[in-house]
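Undergrad: take a look and give me a structure for this.
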Amino acid sequence: MSQVARLARDLAGAGAAMEEVSDDVLDEAAAQVQAEAKRDAPVLTGELQGSIWIRKGKTFRRVGSSTRQGVFQEFGTSRHPPQPWLFANGERGGDTIAEALLEKADRL
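TA: Predicted coordinates:
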């Protein structure tokens, strides 16, 4: 029975450690997505670049823009072609999160 108790204790500790690791991984990935989105954002006035934010939740990070022009730049309009700056970076960020979580889980 002592082995079962030790295993339960180890799993409980790993869960807490994994929660902390995942929080760090999400923060790093969000910062990377934000930096790449700012790099890729079209610049005329700098308003779009300056409006790119990160919102933090318990199990997620959201990167976006507080300007309407962000949507128009990403998807284009009837007069202007799209100039993608966010979604491709977000997809790469998701891949980064998955890889980092798997790597760090193996170390626990």
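Undergrad: for residue 76, see how far away the residue nearest the centre of the chain is.
TA: The chain has residue 30 as the residue nearest its centroid, 3.3 Å off, counting by C-alpha atoms, centre = their mean. Residue 30 sits 26 Å away from residue 76 when distances are taken as C-beta to C-beta, to the nearest Å. Bear in mind the C-beta positions are built from the backbone N, C-alpha and C, glycine included.
Undergrad: equivalent analysis for residue 57, please.
TA: On the measure of C-beta to C-beta, residue 57 and residue 76 end up 30 Å apart.
Undergrad: and the nearest residue to residue 80 once chain neighbours are set aside, how many residues sit next to it?
TA: Nearest residue to residue 80, sequence neighbours excluded (C-beta to C-beta, 6 or more residues apart in numbering): residue 72, at 7.3 Å. Neighbour count of residue 72, defined by other C-beta atoms under 10 Å: 15.
Undergrad: so residue 72 is in which element?
TA: Using DSSP states H and E, residue 72 falls within helix 69-75.
Undergrad: if you count surrounding residues, which of residue 57 and residue 76 has more?
TA: Comparing residue 57 with residue 76 by other C-beta under 10 Å, the one with more neighbours is residue 76, at 13 against 8.
Undergrad: tell me the contacts of the more buried one?
TA: 82-83 (C-beta atoms under 8 Å, 6 or more residues apart in numbering).
Undergrad: next structured bit after the lowest-mean-pLDDT helix or strand in the chain?
TA: Least confident helix or strand, the chain: helix 2-40 with a mean of 79, by mean pLDDT, DSSP states H and E. Sequence-wise, the next helix or strand downstream of helix 2-40 (DSSP H and E) is helix 47-50.
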